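J.: missing the sequence, but the structure's below:
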């Protein structure tokens, strides 16, 4: 479960995915938090930036891809036993993008995966709990995950669904 409001400082981040034709674009994190894991593309919001602006900027910086139809599809809140900050991640999905093929950056190595071949064994432990909702697109999801100090063990979690609507934006 998420910490009570005001109990921890909150850092806002984004996670952006391109999903089309039975595949999803993921990136192998080459450095920093999450190094060695497959993930969506994203990071921290900069001063004065909206979550959408940050998602677009991060995907462009990390994979040289621009989302043409970004949609906010979920929000995930993370707490870790060894971190003071709570992380709030705004999850975006696009089904149209340019250019056709992504490019590797210093931080991420992009790769397309068939939806039935998503490498969950080499991803964050929580991903299996909410990816189907990000990929499916018919419901807006909110999720909360509390992780142990090892950043692998999920202590508590919940995922809630609401019909996808403009009010979710």
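T.: Nice, I can see it. What you see is a predicted model, and the numbers here were worked out from it, not measured in a lab.
J.: Who does residue 44 form a beta bridge with?
T.: residue 13 (DSSP bridges).
J.: who touches the strand or helix carrying residue 145?
T.: Here residue 145, judged by DSSP states H and E, is contained in strand 139-147. For strand 139-147, the surrounding residues in contact (Cβ atoms under 8 Å, 6 or more residues apart in numbering) are 1-2, 72-81, 91, 125-126, 129-130, 133-134, 153-165, 168. For glycine as for every other residue, the C-beta is placed from the backbone atoms N, C-alpha and C.
J.: please redo it, this time with the cut-off set to 7 Å
T.: Here strand 139-147 makes contact (Cβ atoms under 7 Å, 6 or more residues apart in numbering) with 1-2, 73-81, 126, 129-130, 133, 153-164, 168.
J.: Repeat that for stretch 116-129.
T.: 24, 37-39, 113, 131, 143, 145, 152, 154, 157, 159.
J.: quick one on the thing from earlier: just checking, next helix/strand downstream of the strand holding residue 145?
T.: Once strand 139-147 ends, the next helix or strand along the chain (criterion: DSSP H and E) is strand 154-163.
J.: what angle separates that following strand from strand 139-147?
T.: On the basis of axes from the mean of the first three to the mean of the last three Cα atoms, to 10 degrees, strand 154-163 is oriented at 170 degrees to strand 139-147.
J.: Pull out the buried residues from strand 154-163.
T.: With burial defined by 16 or more other Cβ atoms under 10 Å, the residues of strand 154-163 counted as buried are 157, 159.
J.: ok, that strand: who's next to it in the sheet?
T.: Sheet pairing of strand 154-163 (DSSP bridges) gives strand 139-147 (antiparallel).
J.: Just the mean pLDDT for the strand it pairs with, thanks.
T.: Summarised as a single mean, pLDDT over strand 139-147 is 94.
J.: gap between it and the chain center?
T.: Per Cα atoms, centre = their mean, to the nearest Å, the displacement of strand 139-147 from the mean C-alpha position of its chain is 11 Å.
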